[in-house]
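Trainee: Sharing a model that was predicted from the sequence below.
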Amino acid sequence: MSATEASRLHGPVAASAHRIRAVARRHWLVLRRSPHRIFDVLVWPVVDTLLYGSIGLFAAKAAGGGAGTDQGAGLGTGPTLAVFLLSGTVLWHLVHQTQISLATGFLEETWSRNVVGLLSTPLRGWEYLAGVGLFALVRTALSTCMVAALAYGAYAFDVTSLGLGLIPVAALLLLCGWAVALAVVGLVLRYGSGAEALVWGGLSVVMPLSGVFYPVDTLPAPLQPVAEALPTTHVFAAGRTLAAGGPTPWHELAVATLGTAALLVLALFFLGRMLAAFRRRGLVTRYS
């Protein structure tokens, strides 16, 4: 059934839902039929988990951790380096995979020269973003589950031991990933394929400033105010508190929520401006 037929038979809400599902299915089929694209979804998460988990285990052994530091033994949920590294890895892949999935979803349209086709359909901008966002959720779930399963199987670290506080932490990281992806898409619209490198490298700049594995007071003093201004910094701080067995840090989550909301508004505004320039200057000819 076409989008026009769906609109005529079931109304505009059903037609929008139909278009959103179509966009999500289109990207899912691309992923399923392109085995090499599984690399970002499954291979990198495995590499990161083995790398940071083994570093943490080695540090525990070097410090004379004694019992519980043999590979595969339970690491517990106490404030150890291994626990901080593994919990940070799981949480990092939430924001990283969300950003990569959403941004590469748009790049797929440029690579396949499908941008003109999208602009010539009844598809609205928010419907396209919702469809790609739905696909990004599925891809992020696959990647994060892989990280969590490996962390549990190889290092006996159970991410659910962080408790219910993990839910708002995960939600905020997903929103931060979407915000960064929207900004990157805006840059690609404005500057073309030359900005595609930001899809994979843009968020990596934020990683050391966000204190994924450590508190920001370990950063050089000039960088600490910059780090404190990032909502991701407060989200990861909340995650470390949970990993250390502390109570849910509502103050950190409140600051992170305000920062994430502001980041989303700015990202949407920036994307809107870049899309307007994209249309006004006829930059669509790059992809025709």
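Mentor: Received, thanks.

Trainee: Go ahead and confirm S193 touches T110.
Mentor: Yes - using C-beta atoms under 8 Å, S193 makes contact with T110 at a distance of 7.2 Å. Any C-beta I mention is one placed from the backbone N, CA and C, and that applies to glycine too.

Trainee: The two: who's more crowded?
Mentor: T110 (16 against 12; other C-beta atoms under 10 Å).

Trainee: What's the separation between the more buried one and L283?
Mentor: 11 Å (C-beta to C-beta, to the nearest Å).

Trainee: Can you tell me the number of residues neighbouring F39?
Mentor: If you count neighbours by other C-beta under 10 Å, F39 ends up with 9.

Trainee: residues in contact with it?
Mentor: Listed by C-beta atoms under 8 Å, 6 or more residues apart in numbering, the contact set of F39 is empty.

Trainee: Show the model's pLDDT score for the residue nearest to L134 when sequence neighbours are not counted.
Mentor: Distances taken as C-beta to C-beta, 6 or more residues apart in numbering put A24 closest to L134, at 4.2 Å, once the chain neighbours are dropped. A24 is assigned a predicted lDDT (pLDDT) of 87.

Trainee: List the contacts of A24.
Mentor: A24 touches 131-132, 134-135, 138, counting by C-beta under 8 Å, 6+ apart.

Trainee: closest to F270 among the residues you listed?
Mentor: V132 (17.2 Å; C-beta to C-beta).

Trainee: any idea which helix or strand carries the residue nearest to the closest one when sequence neighbours are not counted?
Mentor: Distances taken as C-beta to C-beta, 6+ apart place G105 nearest to V132, at 3.8 Å, with adjacent residues excluded. Element membership of G105 [criterion: DSSP states H and E] is helix 81-111.

Trainee: Next: L175.
Mentor: Per DSSP H and E: helix 166-191 holds L175.

Trainee: got the angle for the next helix or strand after that helix vs helix 166-191?
Mentor: Later in the chain than helix 166-191, the nearest helix or strand by DSSP H and E is helix 197-209. In terms of direction (axes from the mean of the first three to the mean of the last three C-alpha atoms, to 10 degrees), helix 197-209 departs from helix 166-191 by 140 degrees.

Trainee: so T260 sits right up against L174, yeah?
Mentor: No - assessed by C-beta under 8 Å, T260 is found out of contact with L174, at 9.6 Å.

Trainee: out of these two, which sits in the more crowded spot?
Mentor: It is T260, of T260 and L174, that has more neighbours when counted by other C-beta under 10 Å, with 23 against 20.

Trainee: Could you count how many residues lie near the closest residue to M146 other than its chain neighbours?
Mentor: Nearest-residue entry for M146: P45, 4.9 Å, with adjacent residues in sequence omitted and distances by C-beta to C-beta, 6+ apart. Neighbourhood size, P45 [other C-beta under 10 Å]: 26.
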